[in-house]
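Asker: got a predicted structure plus its sequence, pasted below:
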Amino acid sequence: MIPRPWHPDDGGALLTVAEMGRADALAVATGVPSLALMEAAGFAVAREIRRRWSPRRVAVLCGPGNNGGDGFVVARHLRNAGWPVSVHLLGDRSALKGDAAVNAARWTGPIGPLDLGALDGAALVVDALFGAGLTRAVEGVAGSVLSALVAHHGSPPVVAVDVPSGLDGDSGEVWGTAVPAALTVTFFRPKPGHVLGAGRALCGDLVVADIGIPASVLDDIRPAAHLNGPHLWRLPRPGLRDHKYTRGHAVVFGGATMTGAGRLAARAARRLGAGLLTVAATASALPLYAQDAPGVLCRAIECPDDVETLLEDARLNALLLGPGAGRGPHTAARALSVLATGRPTVLDADALTSFAEDPGALFDAVTGPVILTPHEGEFAAIFPDLIEGNRLHRVRQAARRAGAVVLLKGPETVVAAPDGSAVVSTNGPPSLATAGSGDVLAGAILGLLAQGVPGREAAAAAAWLHGAGARRGPPGLIAEDLPEAMAQAAAALPG
Ligand SMILES: NC(=O)C1=CN([C@@H]2O[C@H](COP(=O)(O)OP(=O)(O)OC[C@H]3O[C@@H](n4cnc5c(N)ncnc54)[C@H](O)[C@@H]3O)[C@@H](O)[C@H]2O)[C@H](O)CC1
Ligand SMILES: [K+]
């Protein structure tokens, strides 16, 4: 039975290169010969090729390590199926070791050198040059071949073994040059680099093949990163005995002039199930909030004392500050008052940038469950030393430093918790890049917090529903469409 190709919505663990190496070793320790793993890997790549293309001239480019070893297995299976196959090796055959050497010996055809001539007449190229072992930019003749393949713009199509050569499997960043693949076949579980940054586009179709590594190895590895999906969290479902007072009472601190952001957040919180929603804003702005949604409660706050009085009400169990708040000391001061309650709190937008001069003041004030929801610019404002490099590492470090869940928005939204666990969300379509989309996301998290969903799960679930809701919407999606679309996506989930 050919396994259904893995789809990003399948979710599941993301294994770093090191974790994948441990999975390999644990599998071997359970009695699975490493040679069997290589055979299964190469067989899977050949199988996926044969599923997609009719027989044609294939050039298999083999590197000096086990990625190259996989390539020899691919070549053997394609030739056994009657395909015309040529193999081109980087480096000397005598330098091959272990399973790669065994499979080079099992290849009974000629082994040519890796050079630009290897591509002549090829109607398909198998990239088995470098995989998990890549440690630096590919140079020399291999670099020239990669550059030539890049220049060919996918003609002939390239099939990458494990990862496209040149791609860092952990970060999705490129070491110098990397070849865009029409198809990437990886093994056991995807790597962060398959779903982050440049890696997402470079991989083309991603197939995650089962090569015989028992899933039980994950119990030992305990992977820190997961692809987001409904299996990671549970949405609250109101029961027969529930009523508005049992489904939480959320508060949106609304802007005095920019009221749109607060209104979107309030709508999202209610659509995600908050029982009661109070908008706290200046008296002059309240009519705008009230007329927008009759179901919203309004509370005038004109000064810090009014905020303190409001927060004395312990029924207000989830708080959001930031959308439309305006950047400055007044917003920072209000954020500190909100954080002092220790109640589940979402800080977004200006509630983050207002601490740009002193991020430590924000982090020191975090005592309860707090979720920060910056986009890249707001992230840079409060984590100025974490703006370069591996996205997963950056957000993890930020979460640890802040002692809060950090959700960094982008084409791949990353949610990290202070304990190092992280979730990558890749289901958000480009249509989410529209004004107000972030306000809706912050409000959705608030709505789930109000119903008792823990911070990390609330952020992950909201991020996933944000993408799923947007994908249900029209291409010309506007933020106003999102709360209801997200509620529909939530309703469509089983259980
Ligand atoms: N369960 C598994 O993980 C399986 C993995 N398989 C395949 O094995 C490769 C990883 O093999 P490895 O030998 O560790 O590394 P590579 O083949 O990716 O790299 C070869 C070798 O190249 C050297 N090197 C690194 N960077 C450069 C560079 N820029 N220029 C030149 N040389 C470089 C370095 O010494 C590397 O060791 C994995 O991707 C899978 O395809 C198993 O076959 C199946 C199970
Ligand atoms: K490769």
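Answerer: Here it is on my side, so go on. Ligands and ions are numbered 1, 2, ... in the order given.
Asker: for T341, see how far away V102 is.
Answerer: 64 Å (C-beta to C-beta, to the nearest Å). Where you see a C-beta, it was placed from the backbone N, CA and C, and this is true even at glycine.
Asker: same deal with L286?
Answerer: From L286 to T341 the distance is 22 Å (C-beta to C-beta).
Asker: which one's more surrounded, the two?
Answerer: L286 (20 against 17; other C-beta atoms under 10 Å).
Asker: got a pLDDT number for the more buried one?
Answerer: pLDDT, L286: 96.
Asker: that one and E302 touch, don't they?
Answerer: No. L286 is beyond contact range of E302, at 11.0 Å (criterion: C-beta atoms under 8 Å).
Asker: what are the structural domain limits within this structure?
Answerer: Listed by automatic domain parsing, the domain ranges of the chain are 17-222, 230-491.
Asker: isn't A435 up against L477?
Answerer: No. A435 is beyond contact range of L477, at 11.1 Å (criterion: C-beta under 8 Å).
Asker: the domains of the chain: which one's closest to G11?
Answerer: domain 230-491 (5.5 Å; C-beta to C-beta).
Asker: quick one: the closest one to chain centroid distance?
Answerer: 19 Å (C-alpha atoms, centre = their mean, to the nearest Å).
Asker: helix or strand right after the helix or strand hosting L336?
Answerer: Element membership for L336, per DSSP states H and E: helix 329-340. On the C-terminal side of helix 329-340, the closest following helix or strand by DSSP H and E is strand 345-347.
Asker: A435 and L477 - which one has more neighbours?
Answerer: Taking neighbours as other C-beta under 10 Å, A435 and L477 compare with L477 leading, 21 against 11.
Asker: my guess is the more buried one contacts S431, does it?
Answerer: Yes. At 4.1 Å, L477 and S431 qualify as touching, with contact defined as C-beta under 8 Å.
Asker: which residues do these two both contact?
Answerer: When contacts are counted by C-beta atoms under 8 Å, 6 or more residues apart in numbering, the set common to L477 and S431 consists of A470.
Asker: give me every residue that touches V415.
Answerer: 228, 395, 405-407, 422-423, 425, 456, 459-460, 463 are the contacts of V415 under C-beta under 8 Å, 6+ apart.
Asker: which SS class is it?
Answerer: At V415 the chain is in strand, as set by DSSP: H, G, I helix; E, B strand; the rest coil.
Asker: this protein against ligand 2: which residues are in contact?
Answerer: Applying C-beta under 5 Å from the ion, we find that the chain lies next to ligand 2 at 127, 131, 160-161, 165.
Asker: and those as CSV, adding secondary structure, neighbour count and pLDDT?
Answerer: Formatted as CSV, the residues of the chain next to ligand 2 follow (DSSP: H, G, I helix; E, B strand; the rest coil; neighbours: other C-beta atoms under 10 Å; pLDDT from 0 to 100):
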residue, secondary structure, neighbour count, pLDDT
D127, strand, 29, 98
G131, coil, 29, 96
A160, strand, 31, 98
V161, strand, 33, 98
S165, coil, 30, 97
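Asker: looking at those residues, spot the one nearest D439.
Answerer: After measuring the residues of the chain next to ligand 2 against D439 - C-beta to C-beta - the closest member comes out as A160, at 39.1 Å.
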